[in-house]
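>>> give me coordinates for this.
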Amino acid sequence: MDVSIDAITNNIQLALAPVFLLTAVATLLNAISGRLARSVDRMRAIRHSIDRGEVKDALLIQHLNKEADEAQTRGRLCTASIFFNVLSGVFISLTVLELFFFQAGAVRSLQTSYVIWTFVLGLVFFMISLLIILTEVVYAYRSAGWITPKKN
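This is a model prediction of the structure:
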């Protein structure tokens, strides 16, 4: 195991390259969490107004129930996206650890295929998360185009 300052610096630089992707993972998690919170809050507000009897018109109640169901679907999509985004972060973190230990010589039996697979899986899960959140955004846009029934 090489403990010179140049070797340590090189090891840290190599291991930190995927950390920039972890920043993207964290940023996406923050954005998705905000979308999830808004969907849940909207669904709860609609359900509470219906349950308290604030809405009397049957057509409006039907419309609000549909909106609440769509907010619930959006929440499920956000949750799925968060799941894959967290998996991405785990695999990218494993890549960083593998690279660091491999370069430091602490683990001699580590195969480079582990590094490749953990990094590729991290990217694949990140892309799946992005595709799910894109689906949620399109779904949210399409569901926002309703015409609210007028009270009689």
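>>> which residues touch the residue nearest the centre of the chain?
In the chain, the centroid-proximal residue (C-alpha atoms, centre = their mean) is residue 82; its distance is 3.1 Å. The contact partners of residue 82, taken as C-beta atoms under 8 Å, 6 or more residues apart in numbering, are 29, 32, 33, 36, 129. The C-beta positions use only the backbone N, C-alpha and C, and glycine is treated the same way.
>>> give me the buried entries from those.
Buried subset of the contacts of residue 82 (neighbour count, 16 or more other C-beta atoms under 10 Å): 29, 32, 36, 129.
>>> what sits closest to the third one if chain neighbours are left out?
What that stands for is residue 36. residue 78 (3.8 Å; C-beta to C-beta, 6 or more residues apart in numbering).
>>> find the helix or strand that residue 50 is a member of.
Counting by DSSP states H and E, the element that carries residue 50 is helix 19-51.
>>> rewinding a little: thought the residue nearest to residue 36 was touching residue 35?
Yes - Residue 78 is within contact range of residue 35, at 5.3 Å (criterion: C-beta atoms under 8 Å).
>>> quick one: common contacting residues for the two?
Joint contacts of residue 78 and residue 35 (C-beta under 8 Å, 6+ apart) are 133, 136.
>>> those two: who's more crowded?
Just comparing residue 78 and residue 35: by other C-beta atoms under 10 Å the higher neighbour count belongs to residue 78, 24 against 19.
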